[in-house]
Every structure is written in structure tokens, then in C-alpha cells.
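Enquirer: Here is a sequence with its predicted model. Questions after.
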Amino acid sequence: MTQEIQYFVTDDRMVREIRRLDPDDLALIQALEQTGPVAFISCAEFIEKVRQGVEELAPPKLSPARPGFLNITSTSQFMGMTKAAWKRHEKFYRMVKKRMTPEQAALVRTARVGWGSTWRSVARFCWEQNWRMWRSWHPVSNQIIGMAICQRAAEIAGEDFMKPPWN
């Protein structure tokens with residue numbers, strides 16, 4: 001019997017390439033691996049698979065044994081979740097834009113580009129730096145603020161956080 005593929009949906013290239021994973025990234029991947037092979041796909045690839053009606057796409061339903069996993073069954077459900085995440089991202093970005101110094105941006109670039117840290121790892125790294133007025137998110141490895149931090153650091157460097165070498 002063929003095992004069902006579990007999809008880890010992310011636009012974070014560092015996760016897809018298994019670079020410098022945050023402990024929370026690793027825990028999610030290991031939990032998925034317990035139920036079968038894991039395939040990493042981007043959000044665009046996920047939407048295309050849902051549109052094509054690929055039945056094996058959805059991971060097992062949310063259960064106490066699998067906290068943090070959702071059974072995404074439609075493009076509209078996924079887009080709703082994405083919209084909520086981007087709304088949160090915008091709030092985080094406004095905070096980061098006010099507070100990030102060029103020196104901090106350089107450290108973030110080293111963490112992301114130099115070390116290959118995931119967005120969750122970047123969030124944790126910044127939290128651990130104990131920069132004044134920066135510790136306002138939870139969990140420490142919040143992926144959405146990690147994205148906002150990378151976005152601002154890339155802008156300070158005149159780069160785009162969604163394109164190489166950032167992603």
C-alpha cells in the first residue's frame with residue numbers, strides 16, 4: 001500500500017531546501033514524517049493542486065494528536081488563511097520598519113542569506129538579540145514576523161526578500 005504524501009506548504013526556500021531550520025520547523029516536519037513521505041511545495045503549487053482537484057493533497061484532519069495541522073480542502077479556505085496571515089504581516093512590518101537599524105538589517109541578512117536561516121529561525125534570532133522594543137511577538141519563532149523582518153532588512157539593502165539571495 002502506498003503511503004499518502006503529506007504536503008508542507010511554504011514559500012520559504014530555506015525550509016524547502018532544509019537549510020538552517022528552527023526547532024519549530026523541524027518539529028512540524030518530523031510530525032508530518034510520522035505519517036508518511038513529506039513533499040515541500042510553494043503556495044502557488046498548492047493552489048494549483050487544489051484547483052486540479054488532487055485528492056491526496058489535504059493532510060489529515062486537525063486532531064489532538066496532530067496539533068497545528070489543518071485539513072485545507074479548497075482554494076477559498078487557503079486564500080482566507082493567506083489573507084489573514086498577510087494582514088498580520090502588514091502589522092508586524094509597520095513595527096519592524098519603525099525600529100530596524102541598518103546594523104540590525106545587516107545581521108538579519110547574515111542570518112537569512114549567509115546562514116540560510118528560515119523565517120522562523122530569523123524571528124527567533126532577532127528575539128534572542130534582545131533588541132530594544134523588539135520582543136513583542138509570540139511564539140518566538142513566529143514565521144510571519146520573520147518574513148516582515150526579512151522584508152525590511154532586504155529593503156534596507158536595496159533587495160527583495162522574496163527573490164534571491166533572500167528566497
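Expert: Sure thing, it's come through. All values reported here derive from a predicted model rather than from experimental measurement.
Enquirer: Show me the strands in this protein, by range?
Expert: 6-9, 38-41 (DSSP state E).
Enquirer: can you list those in a markdown table and add mean neighbour count and distance to residue 127?
Expert: All C-beta spots, glycine's among them, are computed from the backbone N, C-alpha and C. Output for the strands of the chain, formatted as a markdown table (neighbours: other CB atoms under 10 Å; distance: least, CB to CB, whole Å):
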| stretch | mean neighbour count | distance to residue 127 |
| --- | --- | --- |
| strand 6-9 | 20 | 23 |
| strand 38-41 | 16 | 25 |
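Enquirer: ok, of the ones you listed, where does mean pLDDT dip lowest?
Expert: Comparing mean pLDDT across the strands of the chain, the weakest is strand 6-9, with a mean of 78.
Enquirer: Spell out which residues sit in contact with the residue nearest to the spatial centre of the chain, please.
Expert: The geometric centre of the chain, computed from its C-alpha atoms, lies nearest to residue 143 (CA atoms, centre = their mean), at 4.6 Å. Neighbouring residues of residue 143 by CB atoms under 8 Å, 6 or more residues apart in numbering: 12, 118-120, 123.
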